[in-house]
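Asks: Give me a 3D structure for the following:
(2 chains)
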Amino acid sequence: MSQEFSFAFKKTLPIMTGFLFLGLTYGIYMNQLGFNFLFPTLMALTIFGGSIEFVIANALLKPFNPWLILFLTLVINSRHLFYGLSMLEKYKATGWRKLYLIFGMCDESFSINFATNVPKTVDRQGFYFYVTLLNHFYWVLGAFLGGISGSFITFRIKGIDFVLVALFLVLFISQYQVKANRLVALLGVMVGLFALFVFGAQFFLPLALLLMVIILWFAYRREKQHELNE
Amino acid sequence: MSLTNEIMTISIAAIATFATRFLPFIVFSGKKETPPFIVYLGERLPPAILGILVVYCYKSQLLQPSQETLFALVAGTMTIAIQFWRNNMLLSIFVGTLIYVFFGYIF
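Replies: Predicted coordinates:
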């Protein structure tokens, strides 16, 4: 196995645990709504975005409403716009892999690929690719297993989905430990909390991100001003 | 819903999801120079995004405080503490999750 693959595999171990578990939950959920296993499997493969797939599963039981689906998907997934802005540079010279890296840019792949300091001996592009591919694979596999087994799987450890919370915490700390990022990382938490309690759970994520961009715009303007004054 | 409509629903969701991921790369394609503010965002925004995602992980527990909230906060604090102490991501995540699962079983 290539070095890129083994490094990516090691970095995605927590995601393997989390995605298999959540994917399983999602597959079982769709199975119990009465869908054939192909539905969760193919949806995991083509949409590849956790929360929206649960929403679509429910929408499939209601009358056909393409505009509502479009609207919900765009709102729930608008956070990806901000990931894309952040990865413009890193994904620049990735060649044929680029389209797939963008397609597979879920919260976890984005966070790992952004926050990992790839060693010099490991090819960065290859690493990004395997992280994305492995995460995609874990999610599809979980959804498939859940969809095919339905409620037959009784072996489920309660609370194991905390791995994903722990993952984001650790990635957050890795940013916090970089001195230049410390302030803005903490600001993110504060803006997130503010948005959560003001706007509520449904739409807080895109609104918090938007608020953060506005704050950074003012910070940017001030920095420019300082440069001009000097 | 007919099978055709089901396939259409799933396709719309798949294409719209891809669009949200792809749009920035089209708007700021390599041909023109990326505006300086966008470059600035690319450096400054991700740490903030991770902060916001941490809040996202805790959203339901924060909005409806319960015993679970306390477990999640303690397990999260332990995860962070172990990360500062040993600087080993897999270890911190593993122990943090173990603590959370353990709480769920004993209480």
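Asks: all strands of chain B, in order?
Replies: Remark: no strands are assigned in chain B by DSSP state E.
Asks: give the contact list for A:Val140.
Replies: With CB atoms under 8 Å, 6 or more residues apart in numbering or on different chains as the criterion, the residues that contact A:Val140 are A:23, A:41, A:44-45, A:48. For glycine as for every other residue, the C-beta is placed from the backbone atoms N, C-alpha and C.
Asks: how about 7 Å then?
Replies: Contact criterion CB atoms under 7 Å, 6 or more residues apart in numbering or on different chains gives A:41, A:44-45 as the residues in contact with A:Val140.
Asks: and what of A:Tyr220?
Replies: Residues counted as contacts of A:Tyr220 (CB under 7 Å, 6+ apart) are B:37, B:40.
Asks: element containing the residue of chain A found nearest chain B, please.
Replies: Nearest to chain B in chain A, going by CB to the nearest CB, is A:Gly188, at a distance of 2.5 Å. A:Gly188 is part of helix A:179-199 when elements are defined by DSSP states H and E.
Asks: How far does that helix sit from its chain's centre?
Replies: Relative to its chain's centre, helix A:179-199 lies at 18 Å (CA atoms, centre = their mean, to the nearest Å).
Asks: circling back to that earlier point, ok, the residue of chain A closest to chain B touching B:Pro46?
Replies: No. Distance between A:Gly188 and B:Pro46: 9.2 Å, which falls outside the contact criterion (CB atoms under 7 Å).
Asks: who's more crowded, these two?
Replies: Neighbours per residue (other CB atoms under 10 Å in any protein chain shown) separate A:Gly188 from B:Pro46, with A:Gly188 holding more: 29 against 26.
Asks: residues in contact with the more buried one?
Replies: Residues in contact with A:Gly188, defined by CB under 7 Å, 6+ apart, are A:212, B:47-52.
Asks: so where's chain A shaky on pLDDT?
Replies: Along chain A, segments meeting pLDDT under 70 span A:1, A:151-157.
Asks: So which residues of it form helices?
Replies: Shown for chain A, the helices assigned by DSSP state H span residues A:3-11, A:13-32, A:38-46, A:50-59, A:66-76, A:79-87, A:98-103, A:107-115, A:124-149, A:162-176, A:179-199, A:204-229.
Asks: Where does the prediction get shaky in chain B?
Replies: For chain B (pLDDT under 70), the answer is B:30.
Asks: Report the central residue of it.
Replies: Ranked by distance to the mean C-alpha position of chain B (CA atoms, centre = their mean), the top residue is B:Leu53 at 4.3 Å.
Asks: What angle do helix A:107-115 and the helix holding A:Gly188 make with each other?
Replies: Using axes from the mean of the first three to the mean of the last three CA atoms, to 10 degrees, the direction of helix A:179-199 lies 150 degrees away from that of helix A:107-115.
Asks: How many neighbouring residues does the closest residue to chain A within chain B have?
Replies: Among the residues of chain B, B:Gly51 lies closest to chain A, at 2.5 Å counting by CB to the nearest CB. Neighbour count for B:Gly51, taken as other CB under 10 Å: 27.
Asks: Where do the domain boundaries of chain A fall?
Replies: With automatic domain parsing serving as the domain definition, the record reports that chain A contains domains spanning A:3-177, A:179-230.
Asks: so which of those is the most packed in?
Replies: Greatest average neighbour count among those goes to domain A:3-177 (a mean of 19), per mean count of other CB atoms under 10 Å in any protein chain shown.
Asks: Give me the distance between the two termini of that one.
Replies: The first and final residues of domain A:3-177 sit 26 Å from each other (CA to CA, to the nearest Å).
Asks: B:Ala72 against B:Tyr58, yeah?
Replies: Yes. Between B:Ala72 and B:Tyr58 there is a contact under CB under 7 Å: 6.4 Å.
Asks: What would stretch A:9-18 look like as PDB? C-alpha coordinates only.
Replies: Output for stretch A:9-18, consisting of C-alpha atoms alone and laid out as PDB, is shown next (Å, rounded to 0.1, in the frame of the first residue of the first chain):
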ATOM      1  CA  PHE A   9      -6.200   5.500   6.600                       C
ATOM      2  CA  LYS A  10      -4.800   6.300   9.900                       C
ATOM      3  CA  LYS A  11      -6.100   9.900   9.900                       C
ATOM      4  CA  THR A  12      -9.600   8.600   8.900                       C
ATOM      5  CA  LEU A  13      -9.900   5.900  11.500                       C
ATOM      6  CA  PRO A  14     -12.200   7.900  13.800                       C
ATOM      7  CA  ILE A  15     -14.400   8.700  10.700                       C
ATOM      8  CA  MET A  16     -14.500   5.000   9.800                       C
ATOM      9  CA  THR A  17     -16.000   4.400  13.300                       C
ATOM     10  CA  GLY A  18     -18.400   7.300  13.100                       C
END
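Asks: which other residues reach that stretch?
Replies: Taking CB under 7 Å, 6+ apart as the criterion, the residues outside stretch A:9-18 that touch it are A:108, A:112, A:116, A:131, A:134-135, A:138, A:160-161, A:163-164, A:166-167, B:90, B:93.
Asks: Could you rerun that using 8 Å?
Replies: With CB under 8 Å, 6+ apart, stretch A:9-18 has contacts from A:108, A:112, A:116, A:130-131, A:134-135, A:138, A:160-161, A:163-164, A:166-167, B:89-90, B:93-94, B:97.
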